[in-house]
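Q: Quick check, what structure comes out for this input:
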Amino acid sequence: MNYKIGDKVRFLNDVGGGVIVAYVDDKTVSVETDDGFEIPVLANEILLDISEVGPESLGSKQNNKEEDAPVVKIKTEDYRYKEFKGQVLLAIVPENDKLLHVSDLMLYIINDSNFSLQFIVSHNDSHVFEFVDQGVVEPDTKQLVRKYTQSGLGKIKEIKLQAYFFKEGLYDPQPPLNKLFTVDDISFYKAAVFSDNEYFNNKAYIFDYKEADLKEAVEQLSKSDFIKVAEEKSKKEVKLQAKKRVPNGPEEVDLHIEAIVDDFAGLSNGEIVDIQMGRFETALETALRSKAERIVFIHGVGNGKLKHDLRNKLDRKYPDLKYQDASFKEYGYGATMVSFK
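A: Alright, predicted model coming up:
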């Protein structure tokens, strides 16, 4: 029901009533009571008082209202408080599950919740994301986001979902979604990838939130956080190695990334090298202070990047120190020994 200024109304939850004299916002009006006080009242807590005008004149009264008069719309059901329930999912559904190797693949967003959802989906085939689609998905519905060919989806490395929940009226705000899903290691041409589910009549691949949550946690840690952890671990291990060192034997520092951090998933090659170089310099400084004679850095062979950066750092920052390939018998070509004397 719509109201306008001048309408006489009664209170639903209290005795008495008054006349609407102003609009506070789109949900609230100001009512002047019979004793002259103005009070704000929710529009869904008042009722038009027809005791004076009579039901027969109510229709003509509303038909003759000013065209430009603002109105207050009551949506009683919408304004009831709701707690959030449910989840939001991404799914891949083959268009033709009988010919998977040539079938197009449908990317869906599923709003399995009682709130509306505003979303943005993007994907990347390198380090740059490309916009895919955006929109609003109503509660308990699903929406097609993009149709991929097998070869097209095969070029995609990751799909990113960003979204936030909302509803009209009173509700419990939810944290926004920011999920990153890996797709380049999934064989969508294999039937075993897809499974029965409650959202589609056909089998579908529902993306795993646990993997996405892990990627999100890794993204939240800055490069400096990893380096700091690596340096602290390096200091402890160098001290431990010093205690266990054989007399006159060189100290050993393993620069392989798995020996420095427990979880390096999601790190780029550049970030890994930064962490390894951070541990190298920390171990070198510690050895200098402990007056060690020699120290061996085990860097492996790989593509030679770490070995090159390590020796370049020695040439530029520690020109007085001597270094050489460590014992081939013990380390192969994957270690550098630095001498302090």
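
Q: so where's the stretch 1-150 of the chain shaky on pLDDT?
A: Low-confidence regions of the stretch 1-150 of the chain, defined here as pLDDT under 70, cover residues 1, 50-81.

Q: residue ranges for the strands of the stretch 151-300 of the chain, please.
A: Applying DSSP state E, counting those that start in this stretch to the stretch 151-300 of the chain gives strands spanning 158-166, 177-182, 205-206, 251-254, 294-298.

Q: Provide the strand pairings for the first one, with the direction of each partner.
A: In the sheet, strand 158-166 lines up against strand 116-124 (antiparallel), strand 177-182 (antiparallel) (DSSP bridges).

Q: what mean pLDDT does that strand have?
A: Averaged across strand 158-166, pLDDT comes to 93.

Q: Number the residues from 26 up from this point.
A: Shifting the count to begin at 26 puts that one at strand 183-191.

Q: which residues are contacting it?
A: Contact with strand 183-191 is made by 109, 113, 115, 132, 134, 138, 140-149, 154, 157, 198-199, 201-209, 232, as judged by Cβ atoms under 8 Å, 6 or more residues apart in numbering. Using the backbone N, CA and C atoms, a C-beta is placed for each residue, glycine as well.

Q: Make TSV out of the strands of the stretch 176-325 of the chain and add mean neighbour count and distance to Glu163.
A: Below are the strands of the stretch 176-325 of the chain laid out as TSV (neighbours: other Cβ atoms under 10 Å; distance: least, Cβ to Cβ, whole Å):
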stretch	mean neighbour count	distance to Glu163
strand 183-191	18	11
strand 202-207	18	16
strand 230-231	18	20
strand 276-279	22	55
strand 319-323	21	58
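
Q: ok, back up a step: type out the ChimeraX command that picks the buried ones from the contacts of strand 183-191.
A: For anyone working in ChimeraX, the buried entries among the contacts of strand 183-191, judged by 16 or more other Cβ atoms under 10 Å, can be selected with:
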select :113,115,132,134,138,140,141,142,144,146,147,148,157,202,204,205,206,207,208,232
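
Q: Domains of this structure: list them as residue ranges, please.
A: Residue ranges for the domains of the chain, per automatic domain parsing: 33-88, 111-245, 248-364.

Q: Would you check that Phe154 makes contact with Ile181?
A: No: in this structure, Phe154 is not within contact of Ile181 by Cβ atoms under 8 Å, at 10.6 Å.

Q: Overlap in contacts, those two.
A: Between them, Phe154 and Ile181 have His148 as joint contacts when contacts are counted by Cβ under 8 Å, 6+ apart.

Q: List the buried residues for stretch 282-297?
A: Buried-residue list, stretch 282-297, by 16+ other Cβ under 10 Å: Ile282, Ile285, Val286, Leu292, Glu296, Ile297.

Q: Nearest to Gly357, out of the residues you listed: which one, please.
A: Ile282 (18.5 Å; Cβ to Cβ).

Q: Show me where the stretch 176-325 of the chain dips below the pLDDT cut-off.
A: Under the criterion pLDDT under 70, the flagged ranges of the stretch 176-325 of the chain are 235-274.

Q: now with 80?
A: In the predicted model, the stretch 176-325 of the chain carries pLDDT under 80 at residues 194, 234-275, 291.

Q: what about the helices in it?
A: For the stretch 176-325 of the chain, the helices defined by DSSP state H, counting those that start in this stretch occupy 234-245, 248-269, 294-314.

Q: about what we covered before: export the strands of the stretch 176-325 of the chain to TSV and tack on distance to Tyr224?
A: What follows is the strands of the stretch 176-325 of the chain, written out as TSV (distance: least, Cβ to Cβ, whole Å):
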stretch	distance to Tyr224
strand 183-191	16
strand 202-207	16
strand 230-231	8
strand 276-279	48
strand 319-323	50
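
Q: between these, which gets nearest to Asp122?
A: Of all the strands of the stretch 176-325 of the chain, the one in closest proximity to Asp122, counting by Cβ to Cβ, is strand 230-231 (11.3 Å).
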